[in-house]
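# coordinates only, sequence not included:
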């Protein structure tokens, strides 16, 4: 029996939830929307709402413990992305940037360096704001990823 692809959404700060719901519905894929606490989701049997708890990484741990090869994870959280890539899941940031085994090590290193530089005051401010171009890139990346996963499963 083949694994049913599921989309896991790290929902607390995800700006593309509505887009995920639309794409998932078109492809008939279940979605798990995971947040620390209550989060509103559409009333749809294919969309599961998970309140993982208020612990520091409760939502991340919930996703990382379940996402496997054939699943898709949407997160901007680089340590969570690294855990899910290690499990074999496909991981996409809300701006459409894919995380892969090839890129995740360098991405994690850059994140840690930027955190250190911010803590010393050498760099102030965070990532640039989310744009319509990011939303469009995300939609394209999600669609491509779903197709790639489905092709791999049908072999």
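Happy to help now that I have it. What you are looking at is a predicted structure, and each value in this text was computed from that prediction instead of being measured.

# which ones are touching the closest residue to residue 49 other than its chain neighbours?
For residue 49, ignoring the flanking residues on the chain, the nearest one in space by CB to CB, 6 or more residues apart in numbering is residue 41 at 4.6 Å. Backbone N, C-alpha and C define where each C-beta goes, glycine included. Residue 41 makes contact with 17, 21, 33, 47, 49, according to CB atoms under 8 Å, 6 or more residues apart in numbering.

# if we go to 10 Å?
Neighbouring residues of residue 41 by CB atoms under 10 Å, 6 or more residues apart in numbering: 9, 11, 17, 21, 31-33, 35, 47-50.

# quick one: which of the residues you listed is nearest to residue 132?
Of all the contacts of residue 41, residue 132 sits closest to residue 17, with 16.1 Å by CB to CB.

# Check whether that closest one really touches residue 34, as I assumed.
No: using CB atoms under 10 Å, residue 17 makes no contact with residue 34, being 11.3 Å away.

# my read is residue 48 is in a helix, agree?
No: with DSSP: H, G, I helix; E, B strand; the rest coil as the criterion, residue 48 is strand rather than part of a helix.

# any idea what sits nearest it, other than its immediate chain neighbours?
Going by CB to CB, 6+ apart, residue 48 has residue 32 as its nearest residue, at 4.8 Å.

# where does this structure dip in pLDDT?
Across the chain, the ranges flagged by pLDDT under 70 are 1-2, 104-118, 122-128.

# which stretches of it form helices?
17-27, 58-64, 78-86, 101-119, 132-154 (DSSP state H).

# And the residue nearest to residue 49, how close does it get to residue 51?
Residue 41 is 11 Å from residue 51, where distance means CB to CB, to the nearest Å.

# overlap in contacts of these two?
With CB under 10 Å, 6+ apart, residue 41 and residue 51 have common neighbours 33, 35.

# Run a quick neighbour tally on residue 136.
By the criterion of other CB atoms under 10 Å, residue 136 has 13 neighbours.

# dump the residue contacts of the residue lying closest to it once chain neighbours are set aside.
Excluding the flanking residues, the one nearest residue 136 by CB to CB, 6+ apart is residue 96, at 7.8 Å. Counting by CB under 10 Å, 6+ apart, residue 96 makes contact with 16, 133-142, 144-145.
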